[in-house]
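coordinates only, sequence not included:
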């Protein structure tokens with residue numbers, strides 16, 4: 001037996017109605033979803049750390065989630081999961097397993113997209129398949145990538161910003177500051193304007209604002225539109241907005257830990 005088959009055996013034992021683990025047996029795909037997300041974030045942390053031992057451990061935790069979900073499933077097992085991944089990779093790499101030619105990274109991307117488009121021919125929108133559960137910035141970047149592939153990213157973003165601005169001028173909801181200025185209190189920067197951390201978003205008429213929850217958190221779609229425009233602008237200048245924000249948050253954590 002291999003370690004992978006041993007892990008399958010362990011999971012089967014945990015799920016065994018007679019003598020297994022009551023917690024594992026009580027789980028469903030839905031109840032475990034948050035653990036899949038958590039383990040994925042821990043894997044990213046391990047990658048960022050550069051520690052191979054930590055990386056190996058977190059890869060194992062992600063693998064355990066896959067094996068556990070496969071063990072809970074009634075219509076498939078881990079063999080089916082692996083077979084599906086194997087077959088997909090073969091289809092998506094016809095330049096390796098077929099007669100297609102791809103000599104550059106750009107060629108590989110073109111071949112991959114063509115193979116994926118053929119598989120997903122029933123999709124009605126370029127946005128189909130983008131998970132709604134993704135964090136907002138990651139989802140914004142993924143949607144922008146799809147629009148860039150289609151060739152009208154700038155036009156679609158501009159229409160969103162214009163619609164928000166029109167709402168503000170008419171006294172409706174969703175006002176948004178100029179994407180170039182990014183709102184009151186903006187200061188110039190290398191990648192465009194950045195909102196002043198001390199500036200308070202305008203929550204007067206013309207802004208899409210509602211108060212939710214006991215904490216009174218403000219949801220402002222106009223402010224969100226401005227951030228979306230900044231993300232699009234950053235991508236247009238070659239900046240990775242997700243990695244850039246992660247780096248800034250890491251600096252925030254480091255600064256906050258000083259003196260602890």
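Yes, it's here. Here the structure is a predicted model, which means the values were calculated and not measured.

and the next element down the chain from the strand or helix carrying residue 115?
Assigning secondary structure by DSSP states H and E places residue 115 in helix 105-119. Toward the C-terminus, helix 105-119 is succeeded by helix 136-150 as the next helix or strand (DSSP H and E).

continuing past that next one, what's the next helix or strand?
Moving toward the C-terminus from helix 136-150, the next helix or strand (DSSP H and E) is helix 153-169.

Walking through the stretch 151-260 of the chain, point out its strands one by one.
Across the stretch 151-260 of the chain, reading from the start of the chain, the strands by DSSP state E, counting those that start in this stretch fall at 209-212, 217-220.

just flag whichever of those has the lowest average confidence.
Averaged per stretch, pLDDT over the strands of the stretch 151-260 of the chain is lowest on strand 209-212, reaching a mean of 58.

Which residues are in contact with residue 65?
For residue 65, the contacting residues are 32, 35, 36, 39, taking C-beta atoms under 8 Å, 6 or more residues apart in numbering as the criterion. Yep, even glycine has a C-beta here, placed from its N, CA and C like the rest.

which SSE is it in?
With elements delineated by DSSP H and E, residue 65 resides in helix 52-72, which encompasses its position.

Quick one: distance of stretch 45-57 to the chain centre.
Offset of stretch 45-57 from its chain centre (C-alpha atoms, centre = their mean, to the nearest Å): 20 Å.

Likewise for stretch 232-241?
16 Å.

Which parts of that stretch count as buried, going by neighbours?
By neighbour count, and taking 16 or more other C-beta atoms under 10 Å as the criterion, the buried residues in stretch 232-241 are 232, 233, 234, 235, 239, 241.

which is the next helix or strand following the helix holding residue 65?
Counting by DSSP H and E, the element that comes right after helix 52-72 along the chain is helix 78-92.

Not counting that next one itself, show me its contacts.
With C-beta under 8 Å, 6+ apart as the contact definition, helix 78-92 has outside contacts at 8, 66, 67, 70, 71, 97, 111, 112, 115, 116, 119.

can you rerun that using 10 Å?
Identification of contacts with helix 78-92 by C-beta atoms under 10 Å, 6 or more residues apart in numbering yields 4-5, 7-8, 11, 66-71, 73, 76-77, 96-98, 108, 111-116, 118-119.

If we go by neighbour counts, what in it is buried?
For helix 78-92, a neighbour-count test (16+ other C-beta under 10 Å) marks 78, 92 as buried.

what does stretch 126-143 give?
When neighbours are counted by 16+ other C-beta under 10 Å, the buried residues of stretch 126-143 are found to be 140, 141, 143.

contacting residues for the closest residue to the first one other than its chain neighbours?
Just to be clear, that refers to residue 140. The shortest distance from residue 140 to any residue other than its chain neighbours is 5.4 Å, reached at residue 231 (C-beta to C-beta, 6 or more residues apart in numbering). Applying C-beta under 10 Å, 6+ apart, we find residue 231 in contact with 136, 137, 140, 141, 144, 157, 239, 241, 242, 245.

can you tell me how far residue 231 sits from residue 153?
Going from residue 231 to residue 153 by C-beta to C-beta, to the nearest Å gives 11 Å.

okay, and the common contacts of these two?
Each of residue 144 lies in contact with both residue 231 and residue 153 under the rule C-beta under 10 Å, 6+ apart.

tell me what the helix holding residue 115 is packed against?
Packed against helix 105-119, as judged by 3 or more C-beta pairs under 10 Å, 6 or more residues apart in numbering; DSSP states H and E, are the following elements: helix 78-92, helix 94-97, helix 136-150.

who touches stretch 115-134?
Contacts of stretch 115-134 with the rest of the structure, by C-beta under 10 Å, 6+ apart, involve 33, 37, 88, 90-95, 98, 100, 138-143, 145-150, 152.
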